[in-house]
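Chemist: Give the three-dimensional model of this entry:
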Amino acid sequence: MLVMGILNVTPDSFADGGKHNELDAAVSRGLEMITEGVDIIDIGGESTRPGADRVDEEEELRRTIPVIEKMAPYLDKNGVKISIDTMRASVAKAAVKAGATIINDVSAGMSDNQMLSTAAQLNVPYIAMHWRGHSKDMNSKAVYKDVVSETISELEDRIKVALSQGVKKENLIIDPGLGFAKDSEHNWAIIDAIDRFVDLGYPVLVGGSRKRFLGGDSPDQREEATINLTKKLKDTGIWAVRVHSVKPHKEAIG
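Modeler: All right, here's what the predicted structure looks like:
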């Protein structure tokens, strides 16, 4: 199981907003992750926390591309990959040109109708997350009769669309989208049924790091619970966990 380290170059992300939104601070954190054994560094320039406002394309590019360009020379010798956390095809394209080799799209192509064809043309791994809407209104869409079956069904629909747009099966990775249009009980139901997502036959990414359903009054207070979640998931056959800290999760996986 791989560890994907979160590097949010934003002022407003829920757990680390403002910590790494300057170029030098972001690169320093990226290099620190490499020393801790990270497998993938996920760089994002737009917060997707509940209620967050979208940033424009120019600002997202300004935040992310210089960090990727500065980090890229360190990647090959350390075997580390960069993923770009974006819903925009234009940002994904610029990021891959700068040195990213994975696209992590929380909207699974629903936010930008050019994303899937762009991912196909770029021919890099593409992470499609279960998504029902942007941050402003996603909480109102957390309505399910059977969250596991419905999330799987909706993910399968996005897989079909991605394949039809030319994304190769071997490049597809899925993410059940913990915390996105899901209440606490929904998140736990998905975690308890993660084998059903693995059984779909695609690598599975799980991103529960420091999210509210883990308890605690603040994101920092949820770190221990996040590590326990990684321990719970380590023998389930998932592909990777997406986390804010790297070293304790590498240790938890063993």
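Chemist: what residues are up against Lys77?
Modeler: By CB atoms under 8 Å, 6 or more residues apart in numbering, Lys77 lies in contact with nothing. Quick note: C-beta positions are derived from backbone N, CA and C, even for glycine.
Chemist: Report the separation between Leu122 and Glu46.
Modeler: 19 Å (CB to CB, to the nearest Å).
Chemist: more neighbours, those two?
Modeler: Glu46 (26 against 20; other CB atoms under 10 Å).
Chemist: helix or strand for that one, which one?
Modeler: Glu46 belongs to no helix or strand when assigned by DSSP states H and E.
Chemist: Please tell me I have it right and it contacts Thr10.
Modeler: Yes - using CB atoms under 8 Å, Glu46 is in contact with Thr10, at 6.7 Å.
Chemist: Now do the contacts for Arg196.
Modeler: Contacts of Arg196 by CB under 8 Å, 6+ apart are 148, 152.
Chemist: Could I get the buried residue list for the host helix or strand of it?
Modeler: Assigned by DSSP H and E, Arg196 belongs to helix 194-198. Of all the residues in helix 194-198, those buried under the rule 16 or more other CB atoms under 10 Å are 194, 197-198.
Chemist: residue boundaries of the helices in the stretch 1-150 of the chain?
Modeler: Using DSSP state H, counting those that start in this stretch, the helices found in the stretch 1-150 of the chain span residues 23-35, 57-71, 75-78, 89-98, 115-122, 147-164.
Chemist: Select, out of the ones you listed, the one closest to Glu223.
Modeler: helix 23-35 (15.4 Å; CB to CB).
Chemist: Show me the shaky parts of the stretch 151-254 of the chain.
Modeler: The stretch 151-254 of the chain contains no residues with pLDDT under 70.
Chemist: Which parts of it are strands?
Modeler: 172-175, 205-206, 240-243 (DSSP state E, counting those that start in this stretch).
Chemist: For the first one, name the packing helices and strands.
Modeler: What it means is strand 172-175. Packing partners of strand 172-175 (3 or more CB pairs under 8 Å, 6 or more residues apart in numbering; DSSP states H and E): strand 126-129, helix 147-164, strand 205-206.
Chemist: How about residues contacting the longest one?
Modeler: For helix 147-164, contacts defined as CB under 8 Å, 6+ apart pick out 108-110, 116, 119, 126, 128, 130, 132, 144, 169, 172, 174, 176-177, 182, 186, 189-190, 193, 196-197, 200, 202.
Chemist: now the residues you listed: which count as buried?
Modeler: 108-110, 116, 119, 126, 128, 130, 132, 144, 172, 174, 176-177, 182, 186, 189-190, 193, 197, 202.
Chemist: Between the two ends of stretch 76-91, how far is it?
Modeler: 22 Å (CA to CA, to the nearest Å).
Chemist: my bad, should have said stretch 234-252
Modeler: 8 Å.
Chemist: what's the pLDDT at Glu46?
Modeler: With respect to pLDDT, Glu46 scores 88.
Chemist: Any figure for the gap between the residue of the chain positioned farthest from its centre and His186?
Modeler: Distance from the C-alpha centroid of the chain peaks at Lys145, with 25.6 Å (CA atoms, centre = their mean). From Lys145 over to His186 the distance is 11 Å, taken as CB to CB.
Chemist: Likewise for Pro203?
Modeler: Pro203 is 22 Å from His186, by CB to CB.
Chemist: Indicate which one of the helices of the stretch 1-150 of the chain is closest to Asp220.
Modeler: Using CB to CB, the nearest of these to Asp220 is helix 23-35, at 15.7 Å.
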